[in-house]
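> Next come a sequence and a model predicted from it.
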Amino acid sequence: MAATILTPSKPHFSSIGTEQKSSLFDRVINPQALYNRFGSSSQALTAQNEFSTEGRGEDYLDSIRLFPDVRSEGTLDLLRLAHPQGSLEFDGDYIIADLLAGDGYIEETCKRHVSFAPLFVNSDSSPFMVQQSRKKGMFAVCQFAQDLFWLKDQSVDAVIYAYGSHHIEHRSQAAKEGSRILKSGGRWVLHDFEEDGPMARFFGEVVNEYGKTRHDYPHFTREEMLNLAQDAGLSDIAIEYIADPFVVQAPSKLAAKRLLCNYVIKMYGLSGLENELDFTFHLLDQYFSVNLTENLSGYEARLIRNALVCHGTKP
């Protein structure tokens with residue numbers, strides 16, 4: 001007698017997001033895959049990494065609370081690249097899968113700055129970060145970028161890998177998985193900081209020296225990004241640098257400097273620099289260059305960073 005395989009019922013929405021996300025669940029989630037995978041190879045559901053409470057997860061959240069818009073300029077440029085016409089006006093049914101979502105930073109930034117926002121599927125391998133997204137009512141799932149077992153083939157309009165792509169262990173597989181879940185004409189966007197560039201050196205020399213956790217992850221080269229996009233079967237492939245600064249505003253020049261330093265210390269868990277703001281500012285200016293300018297509301301501190309971004313379209 002043939003065995004009967006029961007398709008699992010829809011999970012309770014406390015484990016995914018709000019009940020209002022019901023239609024999104026039906027459009028992107030693969031229930032049979034969940035049935036096959038839960039309790040076996042879905043290790044991300046219980047994995048502990050540096051973004052857990054034992055690592056720098058709480059510090060990361062604290063950094064965002066200090067100044068939520070600190071990365072908004074680069075984030076908005078990524079959203080433009082995720083739009084087929086390079087716009088920030090999205091159709092209400094447009095779905096973006098943020099495959100390294102953390103606590104949903106890109107979605108939150110989008111909601112603050114974009115009048116016609118898309119829908120988001122937030123995906124991350126840190127159970128702690130996924131939990132933070134769900135607490136805010138976001139649609140969030142826990143999985144590795146190279147193993148998007150939650151998501152159906154051809155179910156989303158754009159995928160973004162950003163602010164942590166160097167953490168992906170199996171990059172070729174992750175690139176192809178992103179392409180798998182894209183609809184025809186969908187946009188594929190890969191963001192990171194270039195190997196041997198200022199950000200990579202900062203991780204290797206400062207974060208590894210003063211951080212709670214080491215950061216021994218190789219960054220990307222232009223050639224590697226282009227090869228990943230080609231292997232994923234994309235067309236209209238391009239690669240470019242985008243400005244991706246840290247920007248904070250404060251009433252005085254000193255306050256702006258302190259806010260920027262405290263943000264970076266929290267963002268990267270630099271516990272060894274917590275009481276060394278002057279030295280921290282010296283390091284930031286040395287590795288990146290920091291511009292302090294007066295404006296109508298006080299002072300702006302701008303840490304100069306340029307990200308490497310490869311993007312393409314699924315045929």
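All right, it came through fine. Residues are numbered from 1 along each chain as shown.

> Touching, residue 208 and residue 217? I think so.
No. Applying C-beta atoms under 8 Å as the test, residue 208 and residue 217 come out as separate, 10.8 Å apart. (C-beta placed from N, C-alpha, C; glycine too.)

> what's in contact with the helix or strand harbouring residue 261?
Taking DSSP states H and E as the criterion, the element that holds residue 261 is helix 253-267. The contact list for helix 253-267 (C-beta atoms under 8 Å, 6 or more residues apart in numbering) reads 59-60, 62-63, 66-67, 70, 246, 248-250, 270-271, 273-274, 277, 280-281, 284, 290, 292, 294, 298-301, 303.

> give me the number of residues near the nearest residue to residue 145 once chain neighbours are set aside?
Using C-beta to C-beta, 6 or more residues apart in numbering and skipping residues adjacent in sequence, the residue nearest residue 145 is residue 174, 4.2 Å away. Using other C-beta atoms under 10 Å as the criterion, residue 174 is surrounded by 24 other residues.

> How far does the helix or strand hosting residue 174 sit from its chain's centre?
Following DSSP H and E, one finds residue 174 within helix 171-181. Relative to the centre of its chain, helix 171-181 is centred 16 Å away, using C-alpha atoms, centre = their mean, to the nearest Å.

> Also stretch 141-160?
Centroid separation for stretch 141-160 versus its chain: 14 Å, with C-alpha atoms, centre = their mean.

> Endpoint to endpoint, that stretch covers what distance?
In stretch 141-160, first residue to last residue: 15 Å (C-alpha to C-alpha, to the nearest Å).

> Buried ones only from the contacts of helix 253-267, please, as a PyMOL command.
Per 16 or more other C-beta atoms under 10 Å, the buried members of the contacts of helix 253-267 correspond to this PyMOL selection:
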select buried, resi 59+60+62+63+67+70+246+248+249+250+270+273+277+280+281+284+290+299+300+301+303
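
> The contacts of helix 253-267 in helices, which ones?
Using DSSP state H, the members of the contacts of helix 253-267 that fall in helices are 59, 60, 62, 63, 66, 277, 280, 281, 284.

> Kindly reformat the residues you listed as TSV containing distance to residue 132 and pLDDT.
As requested, the ones in helices among the contacts of helix 253-267 are exported to TSV (distance: C-beta to C-beta, whole Å; pLDDT from 0 to 100):
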residue	distance to residue 132	pLDDT
59	13	88
60	10	90
62	12	93
63	13	95
66	16	96
277	27	97
280	26	99
281	29	99
284	27	99
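
> which of those residues sit farthest apart?
Greatest spatial distance among the ones in helices among the contacts of helix 253-267 (C-beta to C-beta): 60 and 281, at 20.6 Å.

> what's the least confident helix or strand in this protein, going by average pLDDT?
Lowest mean confidence among the helices and strands of the chain (mean pLDDT, DSSP states H and E): helix 31-37, at a mean of 72.

> Does anything pack onto that one? Which helices or strands?
Packed against helix 31-37, as judged by 3 or more C-beta pairs under 8 Å, 6 or more residues apart in numbering; DSSP states H and E, are no other helices or strands.

> Can I get it as PDB, trimmed to CA atoms?
Output of helix 31-37 as PDB, limited to C-alpha atoms (Å, rounded to 0.1, in the frame of the first residue of the first chain):
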ATOM      1  CA  PRO A  31       4.400  24.000   2.100                       C
ATOM      2  CA  GLN A  32       5.600  20.600   0.800                       C
ATOM      3  CA  ALA A  33       9.200  21.700   1.100                       C
ATOM      4  CA  LEU A  34       8.700  22.800   4.700                       C
ATOM      5  CA  TYR A  35       7.200  19.400   5.400                       C
ATOM      6  CA  ASN A  36      10.200  17.700   3.900                       C
ATOM      7  CA  ARG A  37      12.800  19.800   5.500                       C
END
